[in-house]
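Chemist: What follows is a predicted structure for the sequence shown.
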Amino acid sequence: MKPSLRDRADPSRKRRTDQPLVARPRPADRRRTAEPRKRSTRGKLATAVSVLMLAGLTAFVVRETVTSPPPPARLAAPVTAETHGGHASPSRTPPAPNPDPVLFDAATASAELPPGGEFTAQGNKKWAVVPGTAPAVGGVNRITYTIEVEEGVRLTGGPEDFAADVTSILADPRGWIGDGQHGFQRIDTGKPDLRIRLTSQLTTRDVCGFSIPLEGSCATTEIVTINVARWVRGAVSFQGALVEYKQYVVNHEVGHGLGYPHKPCQDNGALAPVMMQQSWGVSNDYLVALGTDRVVADGKVCRPNAWPYPTGNR
């Protein structure tokens, strides 16, 4: 704790016990005359020390001001969660500044995890490669990939069913290979270009972040993280079509792995771009209300779509 000016010692003069209280003969007068000189010298020294202390304290304060890092920014209070049946459901705390409350409620209803089957809330943050390979498909820009499942994640059909779904989706001509350039090859040994991971709900939040308190998945150019909560439940916008949602979430997150950013609904009533955040809705206005990126509120609403090239054409 830095000393304040109030805490510094203030030099004081105290009467010496050997100072006379009454006058003395002449010889003592000379001694008494010399004594104030000594006290004066000590007073000057004390004053000099005080000045040096003040200068040092000032320098310390200035140095602290210059060299200390700025205080951390105030963070928003953490979002609380209500639990229903053992699964966390984020509370309705608007992440966007001052959204229209009616629009925000509608957007949140669209983005919330729908009811459905049980899923694993927390795995152990270690992933195991699912054994199996597949021939190369698609164009010459080939990406090797592994399929991995977080240890502790329980899944109907087991890791093998998840791996079979992903392999089939990436080999579909309506997928990324539909441009004639992208290609994929599944491997189970060595270092892949891309790791596709099925991940528990809470580990997904740790990996992907939870600044917008809604269930989602995410990807980097090296790792695709698919939230098992979404894999089991799907999304409201897909209206119960779970197979189509699984196709969408694989293609969307692998698209990020290939370097593609988010896209909004471009034509009202048309199929949504696969890079639209359809897990949270197919309305641009909804996505803006939720605080997502690359979207403007223009009233456009698309239809759910799972594929980059849904008609099989580039």
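Modeler: That came through fine.
Chemist: then stretch 257-275 to PDB, C-alphas only?
Modeler: What follows is stretch 257-275, C-alpha atoms only, in PDB (Å, rounded to 0.1, in the frame of the first residue of the first chain):
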ATOM      1  CA  GLY A 257     -12.500 -24.600 -40.600                       C
ATOM      2  CA  LEU A 258     -12.100 -23.900 -44.300                       C
ATOM      3  CA  GLY A 259     -12.000 -20.200 -43.500                       C
ATOM      4  CA  TYR A 260     -15.600 -19.100 -44.400                       C
ATOM      5  CA  PRO A 261     -17.200 -16.400 -42.200                       C
ATOM      6  CA  HIS A 262     -20.800 -16.000 -41.100                       C
ATOM      7  CA  LYS A 263     -23.400 -14.800 -43.700                       C
ATOM      8  CA  PRO A 264     -26.900 -13.300 -43.200                       C
ATOM      9  CA  CYS A 265     -30.100 -14.200 -45.000                       C
ATOM     10  CA  GLN A 266     -29.600 -12.700 -48.400                       C
ATOM     11  CA  ASP A 267     -33.000 -13.100 -50.100                       C
ATOM     12  CA  ASN A 268     -36.200 -13.100 -48.200                       C
ATOM     13  CA  GLY A 269     -37.900 -16.500 -48.400                       C
ATOM     14  CA  ALA A 270     -34.900 -18.200 -50.000                       C
ATOM     15  CA  LEU A 271     -32.800 -21.100 -48.500                       C
ATOM     16  CA  ALA A 272     -30.500 -19.800 -45.800                       C
ATOM     17  CA  PRO A 273     -26.800 -19.700 -46.600                       C
ATOM     18  CA  VAL A 274     -25.100 -22.600 -44.800                       C
ATOM     19  CA  MET A 275     -22.900 -20.000 -43.000                       C
END
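Chemist: Outside of it itself, list whatever touches it.
Modeler: Contact partners of stretch 257-275, identified using Cβ atoms under 8 Å, 6 or more residues apart in numbering, comprise 143, 176, 182, 194, 219-224, 248, 251-252, 255-256, 276-278, 282-284, 287, 292-296, 299-308, 310. For every residue, glycine as well, the C-beta is placed using N, CA and C.
Chemist: mind listing the strands for the stretch 151-300 of the chain?
Modeler: Using DSSP state E, counting those that start in this stretch, the strands assigned to the stretch 151-300 of the chain run over residues 182-186, 194-199, 218-219, 223-227.
Chemist: that older thread, buried subset of the contacts of stretch 257-275?
Modeler: Buried members of the contacts of stretch 257-275, scored by 16 or more other Cβ atoms under 10 Å, are 143, 176, 182, 194, 219, 223-224, 248, 251-252, 255-256, 276-278, 282-284, 287, 292, 295, 300-302, 304-308.
Chemist: Now do the contacts for residue 244.
Modeler: Listed by Cβ under 8 Å, 6+ apart, the contact set of residue 244 reads 238, 304, 306.
Chemist: Same list, those residues, but as JSON lines with distance to residue 167 please.
Modeler: As requested, these are arranged in JSON lines below (distance: Cβ to Cβ, whole Å):
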{"residue": "238", "distance to residue 167": "21"}
{"residue": "304", "distance to residue 167": "23"}
{"residue": "306", "distance to residue 167": "16"}
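Chemist: As JSON lines, those with distance to residue 200 and pLDDT would be great.
Modeler: JSON lines is the format used below for those (distance: Cβ to Cβ, whole Å; pLDDT from 0 to 100):
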{"residue": "238", "distance to residue 200": "22", "pLDDT": "98"}
{"residue": "304", "distance to residue 200": "25", "pLDDT": "99"}
{"residue": "306", "distance to residue 200": "23", "pLDDT": "99"}
